[in-house]
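Enquirer: Got a predicted structure here, sequence first:
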Amino acid sequence: MTKKKAIRVGHRGAARRLISKIEEELEKETTQRDEIESLCETLKKKRDILSELDSEILEEIAEENMEAEIEDSDRYVLDIERILTKVRNSSSSKQKNKSNETSSNQNLNPNAAYFVFINSTSTYEKQLLRCGGPRIDNATVGETVKFPYLLPAKDRLTHFIVLKAHENTLHSGINITLAYIQQTFWIPKLRQCVKSIVMKCVTCRKVIGKSYSAPEIPPLPKERVQDATPFSITGVVFTGALSIRNSHNEESKAYICLFTCAVTRAVHLELVYDLSEESFLLCFRRFVSRRSVPKIMMSDNALTFKAASNEI
Ligand SMILES: [Zn+2]
C-alpha cells in the first residue's frame, strides 16, 4: 500500500504539471489546437491511472481514514476534470466564432451545438436572425427548416404568426401547430405561446369547448308522487292536426285531446274536429262523464284552455 501511495504521488505530480502546462497554453493566443489536444490525451490517461490507484488504495484502507482518503483523491480528479472542461468550452466557443464568420460568408453549415447568426444570403433577408445546430444537418430538408428564423417570445408579430399557423393547420392542436411553426421559426417558450393562443381560439372553443352542465333535476311535485284515485289530478294537451276522412268521404282535419293521469300515467283520448272552446268543453264533458271530476287540471297556456277555464 505504501508503494501504491508512492506511485500515486508520482502520477499526481505529473498530472499537476500537465494541468499547469495546459493552462499556460490556453492563455497563449498563438497555441496550436493539436498541442493542447495531445496534452489533454496524456492528462486523461493520468486521470484513469489515478482513479484505478485510488480505488485500489480505498479497498485496503481502514474505515476511519476512508472519508479523508476519498476527499483527497476527489480533489485531484476534480482538478483534472475542471481543466478538461475548460479546454472543451474554449474549443466549442472557437468553433462558434468560426461558424458565425462562415455564415456571414453564405455558408450555413456550422458545427456548433447551437448558435444564432445574422443571415445575409439575400438583401431581402439581411439582418434577420436565424439559428440552428448540427443535429439535422444531414436531413433532406430545406434550409429554413435547418436554420429557422429567431423570433422573440412575447411580441405582437410572433402572436400573429402563431395564430396564422394555427389557422393554416385547420385549427389543429398544440403539437401540430408547434411542428408547423418550427419548420420556419424558432421561438423561445413556443409551447407556452401556442398553448395560450389555442386555448383562447374562439373557433376551437366552439367545437371542443365543454357545454354548460345541466342543472340539477328538481324533485317531482307532490301531485305526481302521492297516492290518488286515477284522473283526480289530470293533465291535458292537444295533439297536432291529423288528416281524416269524414262521413261524406271528404278529407278534413281532426285533433286528439289527450287527458293523462299525473299519478298513474293512464291516458284518455277524445277526438275533436277543431280547437275551439266549445269543442274542448264538449270533450271535457265526455271525459268527466267517464272518469269523474278531477280535483286538479293542468295544461299549458293555450288559448282554448284559457277560454274554457274562464267559462267553467
Ligand atoms: Zn382554433
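Expert: That came in fine, so what should we check first? Keep in mind that what you see is a predicted model, and the values were worked out from it rather than measured. Numbers count the residues shown, from 1 in each chain.
Enquirer: If you count neighbours, what's buried in the helix or strand where Leu43 lies?
Expert: Leu43 belongs to helix 33-60 when assigned by DSSP states H and E. Neighbour counts over helix 33-60 (16 or more other C-beta atoms under 10 Å) mark Ile36, Leu39, Cys40, Leu43, Lys46, Arg47, Leu50, Leu53, Asp54, Ile57 as buried. In short, each C-beta sits where N, CA and C put it, glycine included.
Enquirer: Surely the last one touches Lys4?
Expert: Yes. Here Ile57 reaches Lys4: they are 5.7 Å apart, a contact under C-beta atoms under 8 Å.
Enquirer: Which helix or strand lies directly C-terminal to the lowest-mean-pLDDT helix or strand in the chain?
Expert: The helix or strand of the chain with the lowest confidence, counting by mean pLDDT, DSSP states H and E, is strand 115-119 at a mean of 58. The C-terminal neighbour of strand 115-119 among helices and strands, as given by DSSP H and E, is strand 128-132.
Enquirer: pretty sure Ser73 is touching Leu50, no?
Expert: Yes. With contact defined as C-beta under 8 Å, Ser73 reaches Leu50; the gap is 7.4 Å.
Enquirer: show me the residues around Glu35 that make contact.
Expert: Glu25 (C-beta atoms under 8 Å, 6 or more residues apart in numbering).
Enquirer: mind giving me the domain split of this structure?
Expert: 2-92, 115-207, 227-311 (automatic domain parsing).
Enquirer: distance between the ends of the last one?
Expert: Read it as domain 227-311. Start-to-end span of domain 227-311 (C-alpha to C-alpha, to the nearest Å) is 30 Å.
Enquirer: again with stretch 191-209
Expert: 20 Å.
Enquirer: got the residues of the chain near the ion?
Expert: The interface of the chain toward the ion, taken as C-beta under 5 Å from the ion, is made up of His171, Cys201, Thr203, Cys204.
Enquirer: OK, contacts around the last one?
Expert: So the one you mean is Cys204. Counting by C-beta under 8 Å, 6+ apart, Cys204 has contacts His171, Val198.
Enquirer: Lovely, talk soon.
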